[in-house]
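Q: coords below, sequence missing:
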């Protein structure tokens, strides 16, 4: 193999790796990105069974309420807790919810616990 073809193969592989990384980042933003909304917890609207990774059953909680984004726009959002964080939220806590136009609620995080 001559040195020119060796450099060409290295360049092609580096370009392919860069393209795969950019596609992966783009997919993550498309699938899991969205607008942050903040919702004050009042009470759960329902429960459902969750199976934790160790085959232990737990109770998941569903919440629904009016959430506001940083621009002051309001939206009614419904979400439920997942196996990674199945515990119920307490009344008065504020949750940051990531809402994706195509996939709905993709993430939630407790941002303020009432003292």
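A: Perfect, thanks for sending it. Because the structure is a prediction, the values reported are computed rather than measured. Numbering: from 1, shown residues only.
Q: for residue 45, give me its contacts.
A: 62, 63, 64, 78 (C-beta atoms under 8 Å, 6 or more residues apart in numbering). Every C-beta, even on glycine, is put in place using the N, C-alpha and C of the backbone.
Q: also residue 48?
A: 59, 60, 62, 80.
Q: 7 Å instead?
A: 60, 62, 80 (C-beta atoms under 7 Å, 6 or more residues apart in numbering).
Q: mind checking pLDDT for it?
A: Listed pLDDT for residue 48 reads 92.
Q: list the contacts of the longest strand seen in the chain.
A: Using DSSP state E, we find that the single longest strand of the chain is strand 57-68. Contact partners of strand 57-68, identified using C-beta under 7 Å, 6+ apart, comprise 37-39, 41-42, 44-52, 74-81, 86, 88, 97.
Q: buried ones among those residues?
A: Buried members of these, counted by 16 or more other C-beta atoms under 10 Å: 37, 39, 41, 44, 50, 77, 79, 80, 81, 97.
Q: tell me what whichever strand or helix holds the second one is packed against?
A: Element membership of residue 39, judged by DSSP states H and E, is strand 35-40. Under the contact definition 3 or more C-beta pairs under 7 Å, 6 or more residues apart in numbering; DSSP states H and E, strand 35-40 sits against strand 57-68, strand 74-80, strand 94-100.
Q: so which of those comes closest to residue 17?
A: Proximity to residue 17 (C-beta to C-beta) singles out strand 94-100 among these, at 27.7 Å.
Q: next helix or strand past the closest one?
A: Downstream of strand 94-100 (by DSSP H and E), the next one is strand 104-112.
Q: centre of the chain versus that following strand, how much separation?
A: 7 Å (C-alpha atoms, centre = their mean, to the nearest Å).
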